[in-house]
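S.K.: Okay, sequence plus prediction incoming.
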Amino acid sequence: QVQLVESGGGLVQAGGSLTLSCEASGRTLSNYAMAWFRQAPGKERVFVAYMPTIGHQGLYVDSVKGRFTLTRDNAKNTVYLQMNNLKIEDTANYYCASARAGTVGGTASDYEYFGRGTQVTVSS
């Protein structure tokens, strides 16, 4: 059974930083594309960043580009989301996700497993 467990969320002031972690069991993450999604109160869950299986570069939506960095530690079977210069509009529950085998991971529908999320709250 695949499980993804996020941690690292919390309350931070605007301009601050947080690093989220997502540890996996039941699946070797390096064999699958991985992503981070977020869901703000009253809104749908949206794609934030992903890393395909080939290469080591994350790809990001415009709203977080230059501020967020997705990395993967294969030895720890863990992915991370480093978030810098946080803004109030980044407040959301953040979920990591693992894609279906054979998919690139570039679309939300590629993802089959999600964690329960970790809350990030950015205050003014």
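M.R.: Yep, it's here.
S.K.: who touches residue 10 in this structure?
M.R.: When contacts are counted by Cβ atoms under 8 Å, 6 or more residues apart in numbering, residue 10 is found next to 18, 119, 120, 121. Heads up, the C-betas are built off the backbone N, CA and C, glycines and all.
S.K.: I'd like to know which of those residues are buried.
M.R.: The neighbour count (16 or more other Cβ atoms under 10 Å) marks 18, 120 as buried among these.
S.K.: Just put the contacts of residue 10 in a markdown table and tack on secondary structure, pLDDT and distance to residue 2.
M.R.: As requested, the contacts of residue 10 are arranged in a markdown table below (DSSP: H, G, I helix; E, B strand; the rest coil; pLDDT from 0 to 100; distance: Cβ to Cβ, whole Å):
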| residue | secondary structure | pLDDT | distance to residue 2 |
| --- | --- | --- | --- |
| 18 | strand | 98 | 25 |
| 119 | strand | 98 | 22 |
| 120 | strand | 98 | 23 |
| 121 | strand | 98 | 28 |
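S.K.: Pick out whichever of the contacts of residue 10 sits closest to residue 110.
M.R.: Nearest to residue 110 among the contacts of residue 10, counting by Cβ to Cβ, is residue 120 at 23.4 Å.
S.K.: so what's that closest one bridging to?
M.R.: residue 10, residue 92 (DSSP bridges).
S.K.: does it really touch residue 9, like I thought?
M.R.: Yes - judged on Cβ atoms under 8 Å, residue 120 makes contact with residue 9 at a distance of 4.8 Å.
S.K.: Mind listing the shared neighbours of those two?
M.R.: Contacts common to residue 120 and residue 9, judged by Cβ under 8 Å, 6+ apart, are 18, 20, 93, 94.
S.K.: What subset of the residues you listed is buried?
M.R.: Here, 16+ other Cβ under 10 Å leaves 18, 20, 93, 94 buried among the shared contacts of residue 120 and residue 9.
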